[in-house]
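1. Take a look and give me a structure for this.
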Amino acid sequence: MTTLKIDVHHVTRVEGHGNIVVDVQSGELKECRFEVVEAPRFFEGMLRGRLYTEASHITSRICGICAVGHATTSLCATEKALGIEPSEQTVFLRKLNLHGEIIDSHVLHTYMLVAPDFFGVGSVIPLVETHRDVVLRALRIKKLSGDLCAMVGGRHTHPIAMTVGGFTHLPTEAELRQMRARLVDARADMDETVALFATLPWPEFERETEYVSLHKDDEYAFIGGTIVTSDGFSYPIEDYKKVTNEECVPFSTAKWTHHNRESYMVGALARLNNNFDQLHPRAKEAAAKLGLKPIVTNPFLNTAAQVVEMVHCVEDSIRIIDELLTRGVEPEEPSVVDVRAGEGVGSCEVPRGTLFHHYTIGDDGRVTHANCVIPTNQNVANLNADMRALVPQILDRPQEEIRLTLEMLVRAYDPCISCSAHFLTVEFV
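-> Model prediction:
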C-alpha cells in the first residue's frame, strides 16, 4: 500500500492506554509511533516523607500484576539503604513468591492476551466454547500461581507478609508439601502449553537490538545480581542510570531509555538471550521445542520466551520447596532495624523486565527521594524502533492485516502501560 493511515485508540488486550499511529504517503513513512497516553501517577512523590516501613506496601500498588515484584524490589532498596542483610530463608521465600508472580503474569499474557490473535478472535471469551480445554488449562495454571503467592505473601495480590528483613507470616510444612505436589502435577499442563505454543505461526520479523537483564553465574537471575547487556556491558545495580539514560519525548507520558544503541529491550526474551545457560534443563527442552536458541531477534517470540520461563519457574519452585523442607522453615523475627540515613538501589526481574527502585532515607527513617524505573518504560523506545522497521516490510498487505500485526507487536512486549507512566518534574509557580 503506497498510502496508509492507521490510528488505533486504544490498543486492546494490554494493561493501560496506548495508541498506534502510522501515516504512509506515496510509499514514504511520515509517522510511525506507539504513544503512551496514560496519566502519570507520581508514586515516587507519594513516597517522599513516608516511613521506610511503608515503602513496599505503597509501591506494590503501582501494579496489580507485578505487586510482588515491586514489593520485593522496594524491600531490596530499603534494606541496602539501612544496611540490612536478609536471612537465607527470607531469600528463598522471596524467590518462591516471585516465581509465583512470574507464572501468574505469563499465563495471563500468553493464553488470554496473545493466544486470541492466533485463534482469530477478539478475546479469550469465545475460546471458552471453541477451545474449552485450553482455557481450563490456563485457569488451572493461574489458580496454582495465585495460591503460591498467597501461601508465601499472605494473599495473591499486594503481599502483606513481606517486610523489611523478613516475613511476618511463614508457610507451614504441610502447605509446602501440598504446594510441591501441585507443582509436580502442573508439569503436564506445562508440557501441553509448550506443545500448543510450538504450533503457533509467529510473525516473521527480525531486528537486532541490545538486550538488558540481571545476571548471576549460579542461577537464572530474578532478584539482584549484576546488570548485563547482549552488547557485552556489565554494571553493578547501583549504576543503573548508566544503562537507562531516561529522557522525555513529546508524544508519550512514559520516558524513553537507551544505552549502547538507540534503544534496548528488557523482559523474558532479554533474560533468555542473556541467561540461557542458567535455565532449568526442562526449560531448555521447552526452548528447543519452541525453536528458541540465543540470540533470538524476533520480538514476537517474547511470548514464547515467557512459556519457557513458566516451565523454569515451576521447576525452580519445586527445588526451592525441597530446600525449605530439608532445612525446615524456622520461625524468625524480621531484622531489628537500626534506623539511620542511607541510600540504596534494588533491582528484580519482574514479568516485563528489569525493575529498579532507588531510595534515599533520612535519619528519621522517612524517604526523602525515590526513583522507580519500570520495564515497560524501558521497552517503549525499542517497540517504536521495531514498528518503524516492520511497517515498510508489510506495506504490501491489506490495511486490516497491517493494523493487526502492529497490535500483535505491541502485545508481544506485554506492556503494563499504567506502571510505565512516571515522567517529568512538576513545579507549581
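2. can you give me the helices for the stretch 101-250 of the chain?
-> Here the stretch 101-250 of the chain has its helices, by DSSP state H, counting those that start in this stretch, at 115-118, 127-130, 132-153, 173-185, 187-198, 241-244.
3. wait, which of these is closest to M408?
-> helix 115-118 (5.3 Å; Cβ to Cβ). Placement of C-beta: from N, CA and C, glycine included.
4. right, so of the helices of the stretch 101-250 of the chain, which gets closest to I62?
-> helix 132-153 (15.9 Å).
5. Quick check: buried residues in the closest one?
-> Neighbour counts over helix 132-153 (16 or more other Cβ atoms under 10 Å) mark 134-135, 137-138, 140-142, 144-153 as buried.
6. just checking, what packs against the longest helix anywhere in the chain?
-> Secondary structure of the chain per DSSP state H: the longest helix is helix 302-327. The contact analysis (3 or more Cβ pairs under 8 Å, 6 or more residues apart in numbering; DSSP states H and E) places helix 302-327 against helix 88-107, helix 173-185, helix 187-198, helix 268-275, helix 281-289.
7. Tell me how far G344 lies from G153.
-> Separation of G344 from G153 (Cβ to Cβ, to the nearest Å) stands at 22 Å.
8. repeat for Y235
-> For Y235, the distance to G153 - Cβ to Cβ - is 30 Å.
9. what's near enough to touch Y52?
-> Residues in contact with Y52 (Cβ atoms under 8 Å, 6 or more residues apart in numbering) are 78, 81-82, 164, 337, 339, 359, 361, 365-367.
10. Redo those as CSV? Include neighbour count, pLDDT and secondary structure.
-> Compiled in CSV, these are given as follows (neighbours: other Cβ atoms under 10 Å; pLDDT from 0 to 100; DSSP: H, G, I helix; E, B strand; the rest coil):
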residue, neighbour count, pLDDT, secondary structure
T78, 26, 97, helix
A81, 22, 97, helix
L82, 21, 96, helix
V164, 18, 95, coil
V337, 16, 84, coil
V339, 15, 91, coil
Y359, 26, 97, strand
I361, 24, 97, strand
G365, 16, 95, coil
R366, 16, 96, strand
V367, 23, 96, strand
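11. if we take those residues, which one ends up nearest to G328?
-> Taking the contacts of Y52 together and measuring to G328 by Cβ to Cβ, the closest member is V164, at 23.6 Å.
12. so what's the backbone phi/psi at that closest one?
-> With angles defined as degrees, to the nearest 10, V164 sits at phi -60, psi 120.
13. measure it to L51 for me?
-> 10 Å.
14. again, but for R132
-> 49 Å.
15. same deal with I223?
-> 23 Å.
16. what about the two, which has more around it?
-> I223 (21 against 12; other Cβ atoms under 10 Å).
17. Need the nearest residue in space to the more buried one, chain neighbours excluded.
-> Excluding its sequence neighbours, the residue lying closest to I223 (Cβ to Cβ, 6 or more residues apart in numbering) is C348, at 5.1 Å.
18. list the contacts for that neighbour?
-> Per Cβ under 8 Å, 6+ apart, neighbours of C348: 69, 72-73, 76, 98, 214, 222-224, 354-355.
19. In those, which has the lowest confidence score?
-> Minimum pLDDT for the contacts of C348 is recorded at G69 (94).
20. quick check: angle from the helix or strand containing it to helix 88-107?
-> G69 is part of helix 67-82, with elements assigned from DSSP states H and E. Following axes from the mean of the first three to the mean of the last three Cα atoms, to 10 degrees, one obtains 150 degrees for the angle between helix 67-82 and helix 88-107.
21. Restrict helix 67-82 to CA atoms and write it as PDB.
-> Extracted in PDB, the C-alpha atoms of helix 67-82 (Å, rounded to 0.1, in the frame of the first residue of the first chain):
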ATOM      1  CA  ALA A  67       2.800  -6.300  43.000                       C
ATOM      2  CA  VAL A  68       5.200  -9.000  44.400                       C
ATOM      3  CA  GLY A  69       7.900  -7.700  42.100                       C
ATOM      4  CA  HIS A  70       7.500  -4.100  43.200                       C
ATOM      5  CA  ALA A  71       7.300  -5.000  46.900                       C
ATOM      6  CA  THR A  72      10.400  -7.200  46.600                       C
ATOM      7  CA  THR A  73      12.400  -4.600  44.700                       C
ATOM      8  CA  SER A  74      11.300  -2.000  47.200                       C
ATOM      9  CA  LEU A  75      12.400  -4.100  50.100                       C
ATOM     10  CA  CYS A  76      15.800  -4.700  48.500                       C
ATOM     11  CA  ALA A  77      16.300  -1.000  48.100                       C
ATOM     12  CA  THR A  78      15.300  -0.200  51.600                       C
ATOM     13  CA  GLU A  79      17.500  -3.000  53.100                       C
ATOM     14  CA  LYS A  80      20.500  -1.700  51.200                       C
ATOM     15  CA  ALA A  81      19.900   1.800  52.400                       C
ATOM     16  CA  LEU A  82      19.600   0.600  56.000                       C
END
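22. quick one: I20 from L269, how far?
-> On the measure of Cβ to Cβ, I20 and L269 end up 21 Å apart.
23. let me fix that: E401
-> For E401 relative to L269 (Cβ to Cβ), the value is 24 Å.
24. So which of those two has more stuff around it?
-> L269 (31 against 11).
25. give me every residue that touches the more buried one.
-> 211, 296, 299, 301-302, 305.
26. Same check on H156?
-> 104, 146-147, 149-150.
27. Go through those and say which is closest to T244.
-> Nearest to T244 among these, with distances taken as Cβ to Cβ, is D104, at 26.3 Å.
28. Excluding covalently adjacent residues, which one is nearest to the closest one?
-> S145 is the one closest to D104 (Cβ to Cβ, 6+ apart), at 3.7 Å.
29. okay but that neighbour is in contact with V107, surely?
-> Yes - using Cβ atoms under 8 Å, S145 is in contact with V107, at 6.7 Å.
30. Any idea how many residues pack against L196?
-> L196: 18 neighbours (other Cβ under 10 Å).
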